[in-house]
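[1] Based on what follows, work out the 3D shape:
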Amino acid sequence: MDAIKTNSLTKYYGKARGMIDVNLTVAEGDFFGFIGPNGAGKSTTIRTLLGLISPTSGSAEVLGMDIRAQKNQILAKVGYLPSETNFYRGMKVREILKLSADLRHMDCKAEAALLCERLDLDPNRKVDELSFGNRKKVGIVCALQHKPRLYILDEPTGGLDPLMQKEFYSILQERNKAGATVFLSSHVLSEVERYCKRAAVIREGRILVSDSVGNLGHTGVKRVSIRGISSLSLREGIKDIQIKQDGVTFLYDGSAQELLSLLTTLKAQDFTVTDPDLEEIFLHYYTKEES
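    The predicted model follows:
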C-alpha cells in the first residue's frame with residue numbers, strides 16, 4: 001500500500017492558484033522530500049492531504065484512506081508538523097504535550113520525555129516564554145510522541161540551530177528505519193539531498209518531476225568550470241553563468257561535441273566537468289520551465 005497517492009489533486013482559492021493536477025505517489029517506508037520555494041504550493045498540498053482544506057477537484061488517499069471521507073482517521077495515524085506552530089497562551093510545554101496526546105486518547109508521557117531530552121526542550125517552561133526555535137521543538141514533539149505510521153512535516157527545521165537539526169534528523173532516520181514513512185516539505189535543498197530517498201519538485205502548484213534523489217541528477221546537465229577566463233557570452237545550452245576570481249562556471253545541457261568546440265575557442269588554463277548538486281538541479285528544472 002502507498003502511504004500517499006493523489007490523482008489530479010487541485011485546489012483553487014477563488015481564482016487564485018493553490019495547486020493544479022498534482023499526481024504524487026509516496027510508498028510506505030519512504031523518506032520523501034517535497035521541494036519548492038515559498039508559494040510553490042507545498043503547504044496547500046499538505047493541508048489538503050490532511051483534510052484541513054477541501055480540494056477543488058481530484059482525489060487522494062493517505063494510508064489507504066480517502067482524504068474527504070476519512071480525514072479524522074487519517075489525522076489519528078499521522079504526525080503533522082505545520083510550518084508555523086501556535087499554542088494556547090499561558091500553558092506549560094508539558095501541558096501542551098499532554099493535551100496533544102489526550103486528543104489522540106494515548107499516553108505518550110514516556111516518549112515525550114525522551115524527545116524533550118534529545119531536543120533540549122524544558123517541559124516546565126511556559127510556551128509564551130519560548131523562542132521561535134523552542135516553539136518549533138514543541139511542535140516536533142507533538143508530531144512525534146505518538147509514533148505514527150506517517151510523518152508529514154512542513155518546513156520542520158526553521159528556527160532550529162544546526163545541532164538540533166542534526167538530532168531531529170537522527171530521530172526521523174530511526175523512525176524511518178523502523179518502518180515509518182516521512183514526507184518532508186522543504187526549500188532547504190541540502191536537507192533533502194542528505195536525508196531523502198525520493199523527492200518531487202513543485203513549481204507554481206504543479207509537479208515538475210518526481211524520482212529518486214539520485215535519478216534527479218540524471219538530467220544531462222553538467223557543471224562546467226573554466227579557469228583562466230574572465231567572461232563568457234551566453235549561448236544555447238549555457239545557464240547560470242557565474243564569474244569567479246579565477247575563471248567562469250556555468251550549467252550546461254547541450255551536446256558534448258558543442259561543449260568541446262566551445263572549449264577549443266577559449267584560452268583556458270584548465271577546465272572541469274562535474275555532476276551538479278541538488279540545488280543546481282533544482283535551478284535547472286525551474287529555468288527549463290521558464291524558457
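[2] mind listing the helices for the stretch 51-200 of the chain?
    Assigned by DSSP state H, counting those that start in this stretch, the helices in the stretch 51-200 of the chain fall at 71-77, 93-103, 109-118, 132-144, 162-177, 189-195.
[3] Tell me which other helices or strands the fourth one touches.
    Translated: helix 132-144. Counting contacts by 3 or more Cβ pairs under 8 Å, 6 or more residues apart in numbering; DSSP states H and E, helix 132-144 packs against strand 78-81, helix 93-103, helix 109-118, strand 150-154, helix 162-177. (C-beta placed from N, C-alpha, C; glycine too.)
[4] Make a markdown table from the ones you listed and add mean pLDDT, distance to Gly58 and mean neighbour count to it.
    Shown next, in a markdown table, are the helices and strands packed on helix 132-144 (pLDDT from 0 to 100; distance: least, Cβ to Cβ, whole Å; neighbours: other Cβ atoms under 10 Å):
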| stretch | mean pLDDT | distance to Gly58 | mean neighbour count |
| --- | --- | --- | --- |
| strand 78-81 | 96 | 20 | 21 |
| helix 93-103 | 95 | 29 | 18 |
| helix 109-118 | 97 | 35 | 16 |
| strand 150-154 | 96 | 18 | 24 |
| helix 162-177 | 96 | 28 | 15 |
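[5] Show me where the stretch 101-250 of the chain dips below the pLDDT cut-off.
    The stretch 101-250 of the chain contains residues with pLDDT under 70 at 217-220.
[6] how about the helices of the stretch 51-200 of the chain in JSON lines, adding distance to Ser83?
    Output for those, formatted as JSON lines (distance: least, Cβ to Cβ, whole Å):
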{"stretch": "helix 71-77", "distance to Ser83": "17"}
{"stretch": "helix 93-103", "distance to Ser83": "18"}
{"stretch": "helix 109-118", "distance to Ser83": "20"}
{"stretch": "helix 132-144", "distance to Ser83": "10"}
{"stretch": "helix 162-177", "distance to Ser83": "15"}
{"stretch": "helix 189-195", "distance to Ser83": "14"}
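[7] so which of those gets nearest Leu251?
    Taking Cβ to Cβ, helix 189-195 is the member of the helices of the stretch 51-200 of the chain nearest to Leu251, at 14.8 Å.
[8] and the nearest residue to Gly159 once chain neighbours are set aside, what does it touch?
    Distance criterion Cβ to Cβ, 6 or more residues apart in numbering; nearest residue to Gly159, sequence neighbours excluded, is Gly133 at 3.8 Å. If a contact means Cβ atoms under 8 Å, 6 or more residues apart in numbering, then Gly133 has Gly159, Leu160, Asp161, Met164 as its contacts.
[9] and if you look at Leu121?
    Leu121 neighbours (Cβ under 8 Å, 6+ apart): Val93, Leu115, Asn134, Lys137, Val138, Val141.
[10] Closest one of the contacts of Gly133 to Gly247?
    Asp161 (35.5 Å).
[11] In a markdown table, list the helices and strands packed on helix 132-144 along with distance to Lys126.
    Shown next, in a markdown table, are the helices and strands packed on helix 132-144 (distance: least, Cβ to Cβ, whole Å):
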| stretch | distance to Lys126 |
| --- | --- |
| strand 78-81 | 21 |
| helix 93-103 | 8 |
| helix 109-118 | 15 |
| strand 150-154 | 25 |
| helix 162-177 | 20 |
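[12] Which one of those lies nearest to Glu258?
    Evaluated over the helices and strands packed on helix 132-144, closeness to Glu258 peaks at helix 162-177, with 41.2 Å, by Cβ to Cβ.
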